[in-house]
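Trainee: Sequence below, structure please.
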Amino acid sequence: MAGWTLVRRSADLQTDRPGESTWWHDAIFYQVFLPSFADGDADGLGDLAGLHSRLGYLELLGVDAVQLTGVTPDDTGMLDKLLADAGEHNIRIMLDVADYVGRDADLGRTMRELLELGADALHVDLGPDPHGYLLTRDVLDRHPSRVAMGPSDELQLRSNDRLVAAEFDADLMRQAIERSMTGSPDTIPAWRLAHPDVLRQVTRYGDGDTGLDRAKAMALVLLALPGAVFLYNGEELGLPSVELPDWAWDPPIPPPDERELDGSRIPLPWEGDSPPFGFTGARSGWLPMPNEWGPLSVEAQLEDADSMLSLYRHAIEVRHTHDALRGNEIEWYGAPPGCFAFRRKGGGLVCALNTSGALVPLPDGEVLAASAPLRDGQLPPDAAVWLV
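Mentor: Next up, the predicted model:
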């Protein structure tokens, strides 16, 4: 345990309520930005038919639920079939209330209609509207196996962007985790590192090989935390954000900040060696895909045991099956400068992160997962490890 000492514990996440199903307490949600996930009708734009065709991939990845973002009225005809067939792949569906409320000013009625349609979960972001969140919780409490997520302690899942905003620094990451675990005892954190409106991790953390190594490390940190985890489509492939040329849009060209966001929404590469990499049957997708993305495709990474996709699949499987990832409380170790380590109290998993520039000795334990090969039993820079 050289350099690592157990020093304190976080607040316990007391979330069980008698008589309620709590499937979401440690669920892995996969946020699908629909226009960029998969195109089912060969028009260059992702749609529900494309998502339906890739349910087998999501089951292989190991996610528990899909958060749908970017649904339009034209897509809703396929929604019934998606909701019916997702269950056959052990996948639940979360719908964004904002995608529907514009057509119905009655929030409560809209939520009830979506639940009756078959939605397992709702994403509700009403801004500073405490009445709206209280109404949401009242509706959800009448459906014990359903859940709502948003930026309010009134909901079962509390979202925040603290980890998204934190730089790749152990002290800042630890502060973000500790602050996210405070709040109402009746709600649990919904953790995430990315979403369609921010730069992707690989780019945020330094780009190139450095950004990829750090994104792998943070994937293990994210998946080690107690509570619900939200992945953004493509992060499991290690996709970077892309600086798109002006010709990528029809006039008028959007302002730079919007162009930057579209660089995080490039369609997913599924297979093959050239664009559109199986995303669409059309000649190209709605945004251009880099020619060099062949090695990042799902097909290529499934064959590579050292790929980002293989790391996510392994970590998700361990999270689902190993007793070490049980328990709602974490304990922090004292750690070398530029590092942190926490332990899942009740399960025993230790997650250590090294953001320093030096090799560091590890706490004792059997290695369950590592974002990079250990060097003489030490954790290299820009890496994380799971021990038990």
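
Trainee: Against residue 257, how distant is residue 222?
Mentor: For residue 222, the distance to residue 257 equals 26 Å [C-beta to C-beta, to the nearest Å]. The C-beta positions use only the backbone N, C-alpha and C, and glycine is treated the same way.

Trainee: out of these two, which sits in the more crowded spot?
Mentor: Neighbour totals were compared for residue 222 and residue 257, and residue 222 leads with 23 against 7 (other C-beta atoms under 10 Å).

Trainee: which SS class is the more buried one?
Mentor: helix (DSSP: H, G, I helix; E, B strand; the rest coil).

Trainee: Got phi/psi on residue 349?
Mentor: phi -60, psi 140 (degrees, to the nearest 10).

Trainee: Just list the residues touching it, thanks.
Mentor: 224, 322, 324, 325, 343, 368, 386, 387, 388 (C-beta atoms under 8 Å, 6 or more residues apart in numbering).

Trainee: And residue 288, by the same measure?
Mentor: So residue 288 contacts 244, 245, 248, 266, 275 (C-beta under 8 Å, 6+ apart).

Trainee: I'd guessed residue 110 sits against residue 96; true?
Mentor: No: with contacts counted by C-beta atoms under 8 Å, residue 110 stays clear of residue 96, the gap being 11.2 Å.

Trainee: Show me the helices in the stretch 1-150 of the chain, by range?
Mentor: Here the stretch 1-150 of the chain has its helices, by DSSP state H, counting those that start in this stretch, at 48-53, 55-61, 79-86, 98-101, 107-117, 130-141.

Trainee: Against which helices or strands is the longest one packed?
Mentor: Helix 130-141 sits against helix 107-117, strand 147-150, with contacts defined as 3 or more C-beta pairs under 8 Å, 6 or more residues apart in numbering; DSSP states H and E.

Trainee: buried ones in the first one?
Mentor: Buried residues in helix 107-117, counted by 16 or more other C-beta atoms under 10 Å: 107, 110, 111, 114, 115.

Trainee: Look up how far residue 50 lies from the residue nearest to residue 281 when sequence neighbours are not counted.
Mentor: If the residues on either side of it in the chain are set aside, residue 281 comes closest to residue 42, at 3.5 Å by C-beta to C-beta, 6 or more residues apart in numbering. Distance of residue 42 to residue 50, given as C-beta to C-beta: 10 Å.

Trainee: So residue 308 is in contact with residue 236, correct?
Mentor: Yes: with contact defined as C-beta under 8 Å, residue 308 reaches residue 236; the gap is 6.4 Å.

Trainee: Counting neighbours around each, name which of these two comes out higher.
Mentor: Between residue 308 and residue 236, residue 236 has the larger neighbour count (other C-beta under 10 Å), namely 25 against 21.

Trainee: Show me the residue at the heart of this structure, geometrically.
Mentor: residue 231 (1.4 Å; C-alpha atoms, centre = their mean).

Trainee: which SSE is that one in?
Mentor: Applying DSSP states H and E as the criterion places residue 231 in strand 228-232.

Trainee: packing partners for that strand?
Mentor: Strand 228-232 packs on strand 28-33, strand 188-192, going by 3+ C-beta pairs under 8 Å, 6+ apart.

Trainee: Pipe those into CSV and attach mean neighbour count, distance to residue 206 and mean pLDDT per row.
Mentor: Listed next are these as CSV, based on neighbours: other C-beta atoms under 10 Å; distance: least, C-beta to C-beta, whole Å; pLDDT from 0 to 100:
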stretch, mean neighbour count, distance to residue 206, mean pLDDT
strand 28-33, 24, 23, 97
strand 188-192, 25, 20, 95
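
Trainee: Can you list the low-confidence ranges for the stretch 251-388 of the chain?
Mentor: Where the stretch 251-388 of the chain drops to pLDDT under 70, the residues are 251.

Trainee: and what of the stretch 1-150 of the chain?
Mentor: Flagging of the stretch 1-150 of the chain using pLDDT under 70 yields the residue ranges 1-20, 72-76, 98-99, 101-105.

Trainee: Show the subsequent helix or strand relative to the strand holding residue 231.
Mentor: helix 256-262.

Trainee: what packs against that following helix?
Mentor: With 3+ C-beta pairs under 8 Å, 6+ apart as the test, helix 256-262 has no helix or strand packed against it.

Trainee: Now do the buried residues in that helix.
Mentor: 259, 260, 262.
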